[in-house]
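Student: take this sequence and fold it.
(one chain, ligands or ions: 2)
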Amino acid sequence: MRERVEMPKQSPALRRENFNEVALGFQPEQAVEEARRCLQCKNQPCVGGCPVSVPIPDFIKLITEEKFAEAARKIKEKNALPAICGRVCPQESQCEGVCTLGKKGKPVAIGSLERFAADWERNLAMSDRQAAASLTSPEPAKKRVKVAVVGSGPAGLTAAADLARMGYQVAMFESLHATGGVLRYGIPEFRLPKGILEQEVAYVRSLGVDIQTNVIIGQTISVEELRTEGYAAIFVGTGAGLPYFLGIPGENLNGVYSANEFLTRVNLMKAYLFPEYDTPIQVGKRVAVVGAGNVAMDSARTALRLGAEEVSIVYRRSREEMPARHEEIENAEEEGVQLRLLTNPARLLGDDKGWVKGMEVIRMELGEPDASGRRRPVPVPGSEMVLPVDTVVIAVGQGPNPLLVKRTHGLSTNKHGNIQADEATGQTSLPYIFAGGDIVTGAATVIAAMGAGKTAARGIDDYLKSGKGTEK
Ligand code: FAD
Ligand code: SF4
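Tutor: Residues are numbered from 1 along each chain as shown. Ligands and ions are numbered 1, 2, ... in the order given. As a prediction, the model looks like this:
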């Protein structure tokens with residue numbers, strides 16, 4: 001079996017000093033070589049492993065034929081945001097996780113190939129706008145029924161793109177001044193350059209979607225008012241942006257951030273471009289990040305790039321249970337992030353000016369499995385110790401954004417505040433409202449949000465075709 005072609009990266013020593021993208025992408029010959037490893041399996045397990053059913057063997061075959069732009073077009077039949085998915089999807093547990101080649105060796109680098117094709121087409125679009133337009137031009141609108149999409153994260157962008165392709169007149173409303181949701185304010189530049197997001201948003205716009213920023217649905221204008229303005233159906237993709245805290249003493253000290261605030265300051269308010277953008281962000285020399293998901297890894301690696309000397313991840317379970325993508329854990333360790341596993345924070349200690357100066361932690365050991373099926377961490381008595389820190393970032397999860405939900409009468413939610421929506425259609429307790437992404441599932445993945453956006457677009461189409469949404 002041929003060796004898998006690994007994507008080149010910036011060296012750890014270099015990349016921890018800058019915010020440029022870590023993975024550098026394939027050259028055409030590397031992409032063709034890797035694409036040739038694909039067996040073109042008849043049963044296509046990889047397609048089944050992809051939440052949006054990208055025709056993986058078909059686009060890989062086009063790469064072997066050096067038809068790179070056609071490969072991108074093939075992916076876009078199912079996935080409007082391939083340059084993003086190629087970079088941030090957990091392929092190891094999806095398409096690559098079920099690739100036939102993975103049974104005896106390494107699976108095809110499907111994510112890297114997806115990224116390559118998408119980047120190729122994007123570069124082509126930049127050098128030859130006309131050619132690109134012929135590749136991506138939308139079908140002309142047929143139906144002029146108005147549909148509103150609330151939230152411009154991956155769920156909203158996907159629903160909007162699909163609905164526009166179906167011929168609906170789509171308006172998208174975003175509460176922030178910039179589009180993209182977590183893709184903009186959460187995932188850092190070194191994993192997902194903002195220029196890529198801009199291009200993907202431009203593609204969605206090119207399909208005829210009218211994007212309006214700085215509009216908070218539920219505050220600037222209500223869902224009921226959207227109805228009155230003639231929107232026959234509404235898709236809600238408002239995400240999970242409400243940070244959870246640990247509930248331990250000292251969390252209100254200066255120098256303690258939620259990951260949400262920390263990453264938003266750096267990404268959305270461009271602290272990474274200091275001194276060009278002078279966003280106040282105080283990062284000390286010793287940073288502890290609590291949590292072990294993608295958000296925690298992004299926070300830790302961002303802190304390093306902002307000049308911290310020692311950055312550690314504090315996590316109460318073991319490495320096996322860390323929810324972050326494997327690749328990102330490896331990247332973080334290579335860059336010098338320390339993992340303090342089986343360690344739980346008990347309280348944060350401050351100095352006389354109210355700044356955090358220490359974290360009291362206790363060692364944990366794994367006991368019996370808990371409700372999540374993972375072994376429950378149990379404190380080891382007498383193992384308390386204090387870690388000296390001057391910045392703490394709490395990355396232990398996020399809850400649903402509550403505003404729209406609270407202000408929309410009759411919209412059913414579960415006990416966590418997530419909107420209840422039908423899995424097969426995205427329809428909620430209010431028939432003209434559909435929902436998907438993190439606002440329904442709780443914090444999940446980009447591709448799951450996109451899959452939900454697709455499902456809801458089909459659900460909306462069926463609902464409107466049945467005449468229910470447009471009757472007076
Ligand atoms: P969001 O992306 O949260 O977008 C929701 C949008 O709705 C936001 O722009 C918000 O401003 C807007 N909004 C909210 N309320 C309103 C309102 N009332 N009116 C108008 N607009 C509103 N997933 C992966 O697959 N791979 C990764 O590597 C990965 N890394 C991550 C790193 C970080 C730091 C974070 C925070 C998440 C990460 N995720 C990752 C998870 C992934 O980004 C989310 O699951 C995904 O973005 C959810 O998409 P969404 O469209 O449902 O919501
Ligand atoms: Fe190719 Fe792997 Fe998909 Fe088979 S499962 S078609 S080898 S990518």
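Student: checking my notes, R122 in a strand, right?
Tutor: No - counting by DSSP: H, G, I helix; E, B strand; the rest coil, R122 is not found in a strand; it is helix.
Student: so it sits right up against I196, yeah?
Tutor: Yes - between R122 and I196 a contact is recorded at 7.4 Å, counting by Cβ atoms under 8 Å. Every C-beta, even on glycine, is put in place using the N, C-alpha and C of the backbone.
Student: hey, what's in contact with both of these two?
Tutor: Common neighbours of R122 and I196, counting by Cβ atoms under 8 Å, 6 or more residues apart in numbering, are A83.
Student: can you name the residues that contact S222?
Tutor: 407-408.
Student: helix or strand right after the lowest-mean-pLDDT helix or strand in the chain?
Tutor: For the chain, counting by mean pLDDT, DSSP states H and E, helix 129-136 ranks last in confidence among helices and strands (a mean of 45). Toward the C-terminal end, the helix or strand that comes next after helix 129-136 (DSSP states H and E) is strand 146-150.
Student: put the alpha carbons of that following strand into CSV.
Tutor: Taking C-alpha atoms only, strand 146-150 is exported to CSV below (Å, rounded to 0.1, in the frame of the first residue of the first chain):
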residue,chain,number,x,y,z
LYS,A,146,-39.2,35.0,1.2
VAL,A,147,-37.4,32.9,3.8
ALA,A,148,-35.4,34.4,6.7
VAL,A,149,-32.3,32.8,8.2
VAL,A,150,-31.2,33.9,11.6
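Student: strand partners of it, parallel vs antiparallel please.
Tutor: If you go by DSSP bridges, strand 146-150 pairs up with strand 169-173 (parallel), strand 231-236 (parallel).
Student: can you name the next helix or strand after the longest one?
Tutor: Per DSSP H and E, strand 231-236 leads on to strand 242-243 as the next helix or strand towards the C-terminus.
Student: on contacts alone, who are the packing partners of the longest strand along the chain?
Tutor: Counting by DSSP state E, the longest strand found in the chain is strand 356-369. Using 3 or more Cβ pairs under 8 Å, 6 or more residues apart in numbering; DSSP states H and E, the elements in contact with strand 356-369 are strand 343-350, strand 375-379, strand 385-388, strand 391-394.
Student: for the strands paired with strand 146-150, which one sits closest to ligand 1?
Tutor: Closest of the strands paired with strand 146-150 to ligand 1 is strand 169-173, at 5.1 Å (criterion: Cβ to the nearest ligand atom).
Student: name the helices or strands packed onto the helix or strand following the closest one?
Tutor: On the C-terminal side of strand 169-173, the closest following helix or strand by DSSP H and E is helix 182-185. With contacts taken as 3+ Cβ pairs under 8 Å, 6+ apart, helix 182-185 sits against helix 194-206, helix 259-267.
Student: what are the contacting residues of helix 182-185?
Tutor: So helix 182-185 is contacted by 84, 88, 153-154, 176, 178, 192, 194, 197, 239, 241, 263-264, 267-268, 438, 446 (Cβ under 8 Å, 6+ apart).
Student: and the angle from the longest strand of the chain to strand 343-350?
Tutor: Using axes from the mean of the first three to the mean of the last three Cα atoms, to 10 degrees, the inter-axis angle of strand 356-369 relative to strand 343-350 is 160 degrees.
Student: can you check what angle separates strand 356-369 from strand 375-379?
Tutor: Going by the same axes, to 10 degrees, strand 356-369 makes 130 degrees with strand 375-379.
Student: burial of S299, as a residue count?
Tutor: By other Cβ atoms under 10 Å, 29 other residues sit near S299.
Student: may I ask which helix or strand encompasses it?
Tutor: Per DSSP H and E, S299 falls inside helix 294-305.
Student: so how far is that helix off the chain centroid?
Tutor: Centre-to-centre, helix 294-305 and its host chain are 15 Å apart (Cα atoms, centre = their mean, to the nearest Å).
Student: quick one: strands adjacent to the helix or strand just after it?
Tutor: Downstream of helix 294-305, the first helix or strand assigned by DSSP H and E is strand 310-314. Looking at strand 310-314 with DSSP bridges, its partner strands are strand 286-290 (parallel), strand 338-340 (parallel).
Student: list the buried ones in the last one?
Tutor: Right, the one you point to is strand 338-340. 339-340 (16 or more other Cβ atoms under 10 Å).
Student: who touches it?
Tutor: With contacts defined as Cβ under 8 Å, 6+ apart, strand 338-340 is touched by 288, 292, 310-315, 319, 329, 333, 361, 387.
Student: got the angle for the longest helix seen in the chain vs strand 169-173?
Tutor: Longest helix in the chain, counting residues (DSSP state H): helix 446-465. Orientation check (the same axes, to 10 degrees): helix 446-465 against strand 169-173 gives 140 degrees.
Student: in helix 446-465, what's buried?
Tutor: In helix 446-465, counting by 16+ other Cβ under 10 Å, buried: 446-461, 463-464.
Student: now swap in stretch 149-168 and tell me
Tutor: By neighbour count on 16+ other Cβ under 10 Å, the buried set for stretch 149-168 is 149-168.
Student: so which of those residues belong to helices?
Tutor: Those of the buried residues of stretch 149-168 lying in helices (DSSP H): 154-165.
Student: pLDDT and distance to ligand 1 added to those residues, as TSV?
Tutor: Below are those laid out as TSV (pLDDT from 0 to 100; distance: Cβ to the nearest ligand atom, whole Å):
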residue	pLDDT	distance to ligand 1
P154	96	5
A155	97	3
G156	97	5
L157	95	7
T158	94	8
A159	97	9
A160	97	11
A161	93	13
D162	94	14
L163	97	15
A164	96	17
R165	92	18
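Student: including distance to G102, could these go into CSV?
Tutor: Below are those laid out as CSV (distance: Cβ to Cβ, whole Å):
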residue, distance to G102
P154, 26
A155, 29
G156, 33
L157, 30
T158, 27
A159, 32
A160, 34
A161, 31
D162, 30
L163, 35
A164, 36
R165, 33
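Student: now the residues you listed in a markdown table, with distance to ligand 2?
Tutor: Listed next are those as a markdown table, based on distance: Cβ to the nearest ligand atom, whole Å:
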| residue | distance to ligand 2 |
| --- | --- |
| P154 | 23 |
| A155 | 26 |
| G156 | 29 |
| L157 | 26 |
| T158 | 22 |
| A159 | 27 |
| A160 | 29 |
| A161 | 25 |
| D162 | 24 |
| L163 | 29 |
| A164 | 30 |
| R165 | 26 |
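Student: closest one of those to V380?
Tutor: Of all these, V380 sits closest to P154, with 40.8 Å by Cβ to Cβ.
Student: the closest one and D352, how far apart?
Tutor: Applying Cβ to Cβ, to the nearest Å, the value for P154 to D352 is 45 Å.
Student: just K74 next, same as before
Tutor: From K74 over to D352 the distance is 63 Å, taken as Cβ to Cβ.
Student: looking at these two, which is more packed in?
Tutor: Higher neighbour count among K74 and D352: K74, with 22 against 6, using other Cβ under 10 Å.
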